[in-house]
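1. what's the 3D shape of this:
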Amino acid sequence: MKLHQLRYLHEVARNHLNITSAAEALYTSQPGVSKQIQLFEEELGLQIFQRNGKRLTGITEPGAQILALAAKVIRDIDNIKRVGDEFSNIESGTLTIATTHTQARYKLPTAVKDFMLQYPEVKLNIHQGNPTQVAEQVANGEADIGIATESISNEESLLCLPCYQWNRCVVVPHGHPLLNEKPLTLEKLTAYPLITYDFAFTGGTLVSKIFNDAGLTPNVVLTAIDADVIKTYVTLGLGVGLLANMAYDEERDSNLVRLDVSHLFPDSTTFLGVRKDAFLRGYMYGFIELIAPHLNRKVVNTALKISA
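-> Next up, the predicted model:
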């Protein structure tokens, strides 16, 4: 049993059983990956993957347990490397953030700018996705930190800490009839075509629940993951926009009028998630504190010890 065999198994699983993609990610050959997997299975005397000819089609029951253990070994090795880097290359490294478009576009820029000034030798990567994808990337080790709404906290392998709360607004063109509707109600919103986030994004499930609890069905004519796309179509007169308050800028979006709807929807919480078993580099603590000043190193470490 060799370490590189565990890496091959882990990468094949991460690439949805596509050996060619796994080989490319590992900078090696497809036949080499297949051969090492075969040797590993022969050594254990069992099959890890189900096959149809040469193609992998599934994972066996013992294979699932082996892959879970292999993933843990890979994470532990990565943590060991991080410990070494923390003491030999304190100011350099890589930080990968997984987050939603709204957070990346409207909340992170100031923190990212400050981080790059404080840690110029650290390479920063930002991956975008919906909250489920964000949680999966952190859980799988593809990202160091995840920043998303409440659903990220459903991932058991993550420690999730509240960063900040936010609510929503409605945006309409100047002269829109809703500007004369006071107070604004859910019923009045349902009278107009609605353009909002894909319900997998930015607390969308909470929005749908509020309408559903009120016995109402909004006329959602278009969904997008990008608030700027929502505002573009509102400007074209295709509907009323429902988006995060942070996504509206009075100067940049002066062609639209913002209506507060915090009385219609409860606050949502943006969470920051890290793996419970991860070793955090010093600059990772630095980024966390830039995003949420109340989450200093002591607070995060205390939470990690409690979750262990």
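2. show me where the stretch 101-250 of the chain has its strands.
-> 122-128, 145-148, 158-166, 168-173, 194-197, 220-224, 240-244 (DSSP state E, counting those that start in this stretch).
3. make JSON lines out of those strands and add mean pLDDT, distance to Leu69 and mean neighbour count.
-> The C-beta positions use only the backbone N, C-alpha and C, and glycine is treated the same way. Formatted as JSON lines, the strands of the stretch 101-250 of the chain follow (pLDDT from 0 to 100; distance: least, CB to CB, whole Å; neighbours: other CB atoms under 10 Å):
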{"stretch": "strand 122-128", "mean pLDDT": "94", "distance to Leu69": "26", "mean neighbour count": "15"}
{"stretch": "strand 145-148", "mean pLDDT": "94", "distance to Leu69": "24", "mean neighbour count": "27"}
{"stretch": "strand 158-166", "mean pLDDT": "93", "distance to Leu69": "19", "mean neighbour count": "18"}
{"stretch": "strand 168-173", "mean pLDDT": "96", "distance to Leu69": "43", "mean neighbour count": "22"}
{"stretch": "strand 194-197", "mean pLDDT": "92", "distance to Leu69": "38", "mean neighbour count": "24"}
{"stretch": "strand 220-224", "mean pLDDT": "90", "distance to Leu69": "40", "mean neighbour count": "17"}
{"stretch": "strand 240-244", "mean pLDDT": "94", "distance to Leu69": "40", "mean neighbour count": "26"}
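4. nearest to Glu289, out of these?
-> Proximity to Glu289 (CB to CB) singles out strand 158-166 among the strands of the stretch 101-250 of the chain, at 10.9 Å.
5. contacts for stretch 210-217, please.
-> Contact with stretch 210-217 is made by 186-187, 190, 218, 264-266, as judged by CB atoms under 8 Å, 6 or more residues apart in numbering.
6. would you list the strands of the stretch 101-250 of the chain in CSV and tack on distance to Ala139?
-> Below are the strands of the stretch 101-250 of the chain laid out as CSV (distance: least, CB to CB, whole Å):
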stretch, distance to Ala139
strand 122-128, 13
strand 145-148, 9
strand 158-166, 6
strand 168-173, 28
strand 194-197, 23
strand 220-224, 26
strand 240-244, 25
